[in-house]
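A.B. asks: Could you look at this predicted model? Sequence included:
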Amino acid sequence: MPALLFWIFAAAMLVFGAAVIINRNPVASALSLVISFLGLAALFMSLDAYFIGIIQVLVYGGAVMVLFLFIIMLLDLRAEKARRINMVAFAGGIAVALALFVQIYLVVSQLRGANATAPALADPAADDVRGVGLLLFESYNLPFQIIAVLVLVVTIGVIVLSKRELR
Amino acid sequence: MDYYFIITTLMKIVGVVFLIILPMVSYTVYAERRVSALIQDRLGPNRVGPAGLLQPVADALKFILKEDFTPAHVNKFYYWLAPCLAMVPAIATIAVVPFGSTLFGVPMVIADINVGVLYVFAIASLGVYGIVIAGWASNSKYPFLGGVRSSSQMISYELSLGLAVIPIFILVGQLRLTEIVNYQIAHGWMIAPFIGDWLNPVKWLLAVPMLISFAVFTVAIFAETNRLPFDLPEAETELVGGYHTEYGSMKFALFFLGEYAAMITGAAIIVTLFLGGWHLPVPWWGAEGFQWLLINGDAPGWRGVLGGLFNIATFFAKVAVLLIVFIWVRWTLPRFRYDQLMRLGWVFFFEIALVNIFVAALIIAYLPL
């Protein structure tokens, strides 16, 4: 059963991931991306990583994509729908994507242990929220604080930039 | 494969959704109409059946038999998708809430996952899509304004919602909702720690930040479920009907019932986090003097079954009391203005919740509990 669920969610993720770039309607693209994120979250949860899975839904599905959708709807991008496909750019995009895929494949196939199945969790009921919290605040406290300051600076920067335009 | 687990889980899902939540939704609508009538010195619906109790059935029949009309100017696919997106998250949220102790040895919670309340926030944050898409797909100005208002309102109040529960997690050290209920059984409810060593003043001092959390969380739930005084997305004096202006018949009913379902799950979360969940202690004067008697489904035979049913009834009775409070507030307070709503969320509740976390953390860190 979990294997079947894996294939369902993996297929949904890839299909809707492709739909993000195939759709001509920006709103449809954004919603496809949401479903793709949900599929990814389900895959995380099937690996017993509930915390990462739920954060995926909460942050990307619930917050970031709502703002994306918001902006798309306010901009009313009808031009994108009417634009014709530039065949040269289309072929170029496929070529770049293929090259990237081949590179990733070559690198990953060279990795030690890439083919081996990882051992199962010693304790599937382990509290991953507590684990992540302890790791962040004990072993990686300084990098965590630096990232927090960075995010604060970015937030203030965005506010200053957008306010300047208003004046 | 564990067939026993799958069958009991399916039974719990069907039982909770179809036998408890959906009837509760329709009778909350009925209660809303009767209580509002009481408050405004009217009678309300009292013709269909004894005291109007069959009114929800008549309403459901009316909604199903109405013509299912789709306006010509809408974006068809998304117009049909939006009502489903409004209903599903509201019901899916109930999956992690422990609504009883045990019944026939089966724990009365559908999915006891260790991220508990984060799951609630994650699924609830998906609920905004239904309203945003409804507003956009209607291709009409008032629904669009309603959808935009709603999404900014929900994003703003999600912050206070998330911050308000942090003191509980500092205290319990777990996100799992069953653990939070167990903690409250051992130490007393979050806002009224009367069990255990209830003479300890620090416990009552800690109940003060918990009360503040409770207030902030409840107000944020009002905003998240678009209830008056925060029902700006559908403020009828400004926006006709808001995001569901272009909807009729069963599709409108899905929005309408989705709002009530969200109210019920919101009330269920409040009960679980702050009011002891399914726990109702019974005062008992036995051989060892006064004590609180714990009733649950662990007792052997029919007493265990009765205990389990009693816990489920207790949980939903608490939810029903909160729902009456929701209705009471709606028919008592006037609507806020939109800028007042945003100011209240960002300038007032956000800061209170933030300071509250520090107060609770200081009490827990420096005073012996």
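C.D. replies: Good, I have the coordinates. Numbers count the residues shown, from 1 in each chain, chains lettered A, B, ... in the order given.

A.B. asks: can we go C-alpha only for contacts and neighbour counts from here?
C.D. replies: Noted.

A.B. asks: Show me what the helix or strand containing B:Phe144 is packed up against.
C.D. replies: Using DSSP states H and E, B:Phe144 sits in helix B:141-164. The helices and strands touching helix B:141-164, judged by 3 or more C-alpha pairs under 8 Å, 6 or more residues apart in numbering or on different chains; DSSP states H and E, are helix B:116-126, helix B:128-137, helix B:201-224, helix B:236-239, helix B:350-366.

A.B. asks: then it to CSV, C-alphas only?
C.D. replies: In CSV, the C-alpha atoms belonging to helix B:141-164 read as follows (Å, rounded to 0.1, in the frame of the first residue of the first chain):
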residue,chain,number,x,y,z
LYS,B,141,-16.0,43.4,-9.0
TYR,B,142,-17.6,42.8,-5.6
PRO,B,143,-16.7,39.1,-5.4
PHE,B,144,-13.1,40.0,-6.3
LEU,B,145,-12.9,42.6,-3.6
GLY,B,146,-14.3,40.1,-1.1
GLY,B,147,-11.7,37.5,-2.2
VAL,B,148,-8.8,39.9,-1.8
ARG,B,149,-10.0,41.1,1.6
SER,B,150,-10.5,37.6,2.8
SER,B,151,-7.0,36.4,1.8
SER,B,152,-5.2,39.4,3.5
GLN,B,153,-7.4,39.0,6.6
MET,B,154,-6.7,35.3,6.9
ILE,B,155,-2.9,35.7,6.4
SER,B,156,-2.8,38.5,9.0
TYR,B,157,-4.6,36.6,11.6
GLU,B,158,-2.8,33.3,11.0
LEU,B,159,0.2,35.0,12.7
SER,B,160,-1.7,35.7,16.0
LEU,B,161,-3.2,32.2,15.7
GLY,B,162,0.3,30.6,15.5
LEU,B,163,1.9,32.8,18.2
ALA,B,164,-1.0,32.3,20.6
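
A.B. asks: Can you check which of the helices and strands packed on helix B:141-164 gets nearest to B:Leu85?
C.D. replies: helix B:128-137 (4.5 Å; C-alpha to C-alpha).

A.B. asks: And that closest one, what's buried?
C.D. replies: Within helix B:128-137, the residues scored as buried using 16 or more other C-alpha atoms under 10 Å in any protein chain shown are B:128-137.

A.B. asks: mind checking how far that helix is from the chain centre?
C.D. replies: Offset of helix B:128-137 from its chain centre (C-alpha atoms, centre = their mean, to the nearest Å): 21 Å.

A.B. asks: Next secondary structure after the least confident helix or strand in chain B by mean pLDDT?
C.D. replies: In chain B, the helix or strand scored least confidently by mean pLDDT, DSSP states H and E is helix B:236-239, which has a mean of 70. Going down the chain from helix B:236-239, the next helix or strand is helix B:249-274, by DSSP H and E.

A.B. asks: relative to helix B:201-224, how tilted is that following helix?
C.D. replies: 170 degrees (axes from the mean of the first three to the mean of the last three C-alpha atoms, to 10 degrees).

A.B. asks: Taking chain A, what residue is nearest to chain B?
C.D. replies: Going by C-alpha to the nearest C-alpha, chain B is nearest to A:Leu58 of chain A, at 4.3 Å.

A.B. asks: Do I have it right that that residue meets B:Ser125?
C.D. replies: Yes - assessed by C-alpha atoms under 8 Å, A:Leu58 is found in contact with B:Ser125 at 6.9 Å.

A.B. asks: for the stretch 101-250 of chain B, which spans come out with low pLDDT?
C.D. replies: Within the stretch 101-250 of chain B, the segments meeting pLDDT under 70 span B:196-198, B:232-237, B:241.

A.B. asks: Looking from chain A, tell me which residue of it is nearest.
C.D. replies: Nearest to chain A, among the residues of the stretch 101-250 of chain B, is B:Ala122, at 4.3 Å (C-alpha to the nearest C-alpha).

A.B. asks: quick one on the thing from earlier: nearest to B:Leu161 among the buried residues of helix B:128-137?
C.D. replies: Nearest to B:Leu161, judged by C-alpha to C-alpha, of the buried residues of helix B:128-137 is B:Val128 at 14.9 Å.

A.B. asks: got a list of what the closest one touches?
C.D. replies: The contact partners of B:Val128, by C-alpha atoms under 8 Å, 6 or more residues apart in numbering or on different chains, come to A:66, B:86, B:150-151, B:154.

A.B. asks: can you tell me which two in the residues you listed are farthest apart?
C.D. replies: Longest distance between any two of the contacts of B:Val128 is 14.4 Å, between A:Val66 and B:Ala86; criterion C-alpha to C-alpha.

A.B. asks: Pick out whichever of those two has more residues nearby.
C.D. replies: B:Ala86 (27 against 24; other C-alpha atoms under 10 Å in any protein chain shown).

A.B. asks: is it true that the more buried one touches B:Val132?
C.D. replies: No - the criterion here is C-alpha under 8 Å, and B:Ala86 misses it with B:Val132 at 9.7 Å.

A.B. asks: Check the offset of the helix ranked longest in chain B from the chain's centre.
C.D. replies: As assigned by DSSP state H, the longest helix anywhere in chain B is helix B:302-330. Helix B:302-330 sits 13 Å away from the centroid of its parent chain (C-alpha atoms, centre = their mean).

A.B. asks: which secondary structure elements does that helix contact?
C.D. replies: Here helix B:302-330 touches helix B:22-39, strand B:102-103, helix B:249-274, going by 3+ C-alpha pairs under 8 Å, 6+ apart.

A.B. asks: pLDDT of it, averaged?
C.D. replies: Across helix B:302-330, pLDDT averages out at 86.

A.B. asks: Would you mark the buried spots in whichever helix or strand comes after it?
C.D. replies: Next in sequence after helix B:302-330, counting helices and strands by DSSP H and E, comes helix B:338-343. Residues of helix B:338-343 classed as buried: B:338, B:341-342 (neighbour count, 16+ other C-alpha under 10 Å).
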